[in-house]
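> okay, sequence plus prediction incoming.
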Amino acid sequence: MWTFIKDQILGMKRLNTIIGKLLLTAGLDTDSRIGGSIQFFIYDTIKITVLLCVLIFLISYIQSFFPPERSRKIMGRFHGIGANIIGALLGTVTPFCSCSSIPIFMGFTSAGLPLGVTFSFLISSPMVDLGSLVLLITIFGVKIAVAYVVLGLVIAVLGGH
């Protein structure tokens, strides 16, 4: 089941086959360097565009459940290393880019949240997000993606502690 999801849904192997057939129909040999390069370019452009559009939609939907005020309330309940872990995890599920993380960071510090917790949030927010997770799974596989997320969370927690 996972192989089907990875290959056909995330990897879009069927799309690659269709593009190859269209290029062959157009008279371009996909086994040549130029033909293979054109097939790869068209395939990857379409695949990345579709994945990013779907991810942006999903991330925006998830983000609607975690506005900055709600994140501030959640992070204000915890203390110590647990607070840093919660800050890093919230940074992961609240998909803010670095340009919006900094104003949120400033709002958290002005609201009186501990600086370490807000640093954990600030580090993990642009570094470990759902978009990068899905793209890493597609390109490198589950093991590398999970290792990246775990390492990113550890760096965020240590950076805030």
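Everything's here; your move.

> which residues are in contact with the helix or strand containing Gly87?
Taking DSSP states H and E as the definition, one finds Gly87 inside helix 81-93. Residues outside helix 81-93 that contact it (C-beta atoms under 8 Å, 6 or more residues apart in numbering) are 62, 66, 71, 74-75, 78, 101, 114, 116-125, 127-130, 149, 152-153, 156-157, 160-161. In this view, the C-beta of every residue, glycine as well, is placed from N, C-alpha and C.

> is it true that His161 touches Gly116?
Yes. His161 sits in contact with Gly116 when judged by C-beta atoms under 8 Å, with a separation of 5.7 Å.

> ok, the two, which is more surrounded?
Gly116 (17 against 14; other C-beta atoms under 10 Å).

> just to revisit the earlier point, show the buried residues in the contacts of helix 81-93.
Those of these that meet the buried threshold are 71, 75, 101, 114, 116-125, 127-129, 149, 152-153, 156-157, 160, by 16 or more other C-beta atoms under 10 Å.

> give me the subset of those residues lying in helices.
In this view, these that belong to helices under DSSP state H are 71, 75, 101, 116-125, 127, 149, 152-153, 156-157, 160.

> report the secondary structure element holding Ile139.
Using DSSP H and E, Ile139 maps to helix 130-140.

> and that helix, which residues are buried?
Across helix 130-140, burial judged by 16+ other C-beta under 10 Å covers 131-138.

> between the residues you listed, which sits nearest Gly20?
Nearest to Gly20 among the buried residues of helix 130-140 is Thr138, at 19.0 Å by C-beta to C-beta.
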